[in-house]
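Q: What follows is a predicted structure for the sequence shown.
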Amino acid sequence: MEIRNLSFQYGKQLILKSISSHIQRGKITTIIGPNGCGKSTLFHLMTKNLKPSKGGIYLENRNIKDISLKEFSKQVAIVHQYNTVPADVTVRRLIAYGRTPYLSFYRKNNNEDEEIIEWVMKITGVYKMKDQPIATLSGGERQRAFIGMALAQKTNILFLDEPTTYLDIHYQIEILNLIKKLNRDFHMTIVMILHDVNQALHYSHEIIGLKEGRIIVQGNNDKIISRSTLHEIFNVNLKIVKEKGKQYVLAVSEKDGLL
Ligand SMILES: Nc1ncnc2c1ncn2[C@@H]1O[C@H](COP(=O)(O)OP(=O)(O)OP(=O)(O)O)[C@@H](O)[C@H]1O
């Protein structure tokens with residue numbers, strides 16, 4: 001996917017300022033940046049929820065504005081930050097909604113759809129709760145079910161907007177490991193927004209650092225995450241430590257805190 005000279009404004013407020021970027025096929029790319037820098041806006045533009053003011057986004061060299069929503073949803077699946085569904089919808093039913101782009105007046109759910117739904121329920125670990133209403137699931141199970149609905153679309157590209165929000169650390173890691181597995185075992189191209197810099201660092205091949213509507217850094221994690229880039233993006237001084245060759249950002253500094 002290519003982002004070419006992309007600008008976006010709400011009224012007179014310029015939110016994204018001539019952004020260009022290349023999203024690598026088969027890799028995990030994570031967008032980080034401070035609140036209000038334009039991450040969600042970029043996400044909505046890349047997923048056809050918003051239209052660019054200038055420039056464009058290209059999938060296999062086709063401007064996504066020229067791709068119908070139905071066709072787009074066979075190539076790109078989206079997991080939003082806030083997901084709503086009627087409380088009584090079961091896990092299986094929710095995942096089956098993911099097959100919608102393939103259905104038509106003449107084509108109802110068939111064996112292939114059923115096989116995909118079964119595969120998705122197994123891979124996301126929601127099989128044993130398949131007949132439970134979504135409302136009865138824990139936060140982590142719910143999120144896996146919504147990722148399942150996106151997977152049932154059988155796309156090569158998956159977008160996730162802050163997939164770990166509201167989850168405790170156990171479920172956060174579980175979701176990130178599922179995302180890693182989807183990339184590693186099924187070669188899915190993943191684009192996500194994360195707030196946790198350490199998780200971005202350890203679960204992505206490439207990081208895009210946004211600030212005030214501009215890409216400040218993009219690249220291989222270890223190379224671009226440094227004290228100075230973190231300061232540039234988030235305006236904080238954080239220490240970076242190395243353990244067994246891997247970098248970790250200390251999200252509190254010695255002089256902060258009560259004690
Ligand atoms: N519908 C809207 N109308 C006007 N301005 C908006 C609208 N949605 C977002 N904005 C503004 O656009 C800017 C970028 O918002 P965006 O949601 O893309 O930021 P973000 O980086 O995703 O932030 P966060 O980390 O807080 O989710 C913000 O200043 C926000 O107030």
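A: That came through, no problem.

Q: Next, count neighbours for residue 95.
A: Applying other C-beta atoms under 10 Å, we find 26 residues neighbouring residue 95. Any C-beta I mention is one placed from the backbone N, CA and C, and that applies to glycine too.

Q: what's the next secondary structure element after the strand or helix carrying it?
A: Using DSSP states H and E, residue 95 sits within helix 91-97. Per DSSP H and E, the first helix or strand lying C-terminal to helix 91-97 is helix 111-123.

Q: And the next helix or strand past that following helix?
A: helix 139-151.

Q: Direction included, what does whatever helix or strand comes next after that next one pair against?
A: Following helix 139-151 in sequence order, the next helix or strand is strand 157-161 (DSSP H and E). Counting by DSSP bridges, the strands paired with strand 157-161 are strand 76-79 (parallel), strand 189-193 (parallel).

Q: Would you reformat these as CSV and include distance to residue 146 and mean neighbour count?
A: Formatted as CSV, the strands paired with strand 157-161 follow (distance: least, C-beta to C-beta, whole Å; neighbours: other C-beta atoms under 10 Å):
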stretch, distance to residue 146, mean neighbour count
strand 76-79, 6, 22
strand 189-193, 14, 23
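
Q: would you turn these into a markdown table with distance to the ligand and mean pLDDT?
A: Below are the strands paired with strand 157-161 laid out as a markdown table (distance: least, C-beta to the nearest ligand atom, whole Å; pLDDT from 0 to 100):
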| stretch | distance to the ligand | mean pLDDT |
| --- | --- | --- |
| strand 76-79 | 15 | 96 |
| strand 189-193 | 7 | 98 |
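
Q: returning to that earlier point: show me what the helix holding residue 95 is packed up against.
A: Under the contact criterion of 3 or more C-beta pairs under 8 Å, 6 or more residues apart in numbering; DSSP states H and E, helix 91-97 touches helix 111-123, helix 139-151.

Q: about what we covered before: export the strands paired with strand 157-161 to a markdown table and append columns for distance to residue 134.
A: Shown next, in a markdown table, are the strands paired with strand 157-161 (distance: least, C-beta to C-beta, whole Å):
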| stretch | distance to residue 134 |
| --- | --- |
| strand 76-79 | 14 |
| strand 189-193 | 22 |
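
Q: so which of those strands comes closest to residue 204?
A: strand 189-193 (7.8 Å; C-beta to C-beta).

Q: Whatever helix or strand comes next after the closest one vs the ligand: in contact?
A: Beyond strand 189-193 on the C-terminal side, the first helix or strand identified by DSSP H and E is helix 197-203. No - judged by C-beta under 6 Å from any ligand atom, helix 197-203 stays clear of the ligand, getting no closer than 13.0 Å.

Q: Any chance you could list what contacts helix 197-203?
A: Contact with helix 197-203 is made by 28, 30, 32, 164, 172, 176, 179-180, 194, 207, 221-222, 225, 230, 246-249, 251, as judged by C-beta atoms under 8 Å, 6 or more residues apart in numbering.

Q: one more time with 6 Å
A: 30, 32, 176, 194, 207, 221, 225, 248, 249 (C-beta atoms under 6 Å, 6 or more residues apart in numbering).

Q: centre of the chain versus it, how much separation?
A: From the chain centre to the centre of helix 197-203 is a distance of 13 Å (C-alpha atoms, centre = their mean, to the nearest Å).

Q: Partner strands of whatever helix or strand comes next after that helix, with direction?
A: Using DSSP H and E, the helix or strand that follows helix 197-203 towards the C-terminus is strand 206-211. Paired strands of strand 206-211, with direction, are strand 28-32 (parallel), strand 214-220 (antiparallel) (DSSP bridges).

Q: Just send the helices and strands packed on helix 91-97 back as a markdown table, with mean pLDDT and mean neighbour count too.
A: Converted to a markdown table, the helices and strands packed on helix 91-97 look like this (pLDDT from 0 to 100; neighbours: other C-beta atoms under 10 Å):
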| stretch | mean pLDDT | mean neighbour count |
| --- | --- | --- |
| helix 111-123 | 91 | 16 |
| helix 139-151 | 92 | 23 |
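
Q: Out of the ones you listed, the one nearest the ligand is which?
A: Minimum separation from the ligand across those (C-beta to the nearest ligand atom) falls at helix 139-151, 17.4 Å.
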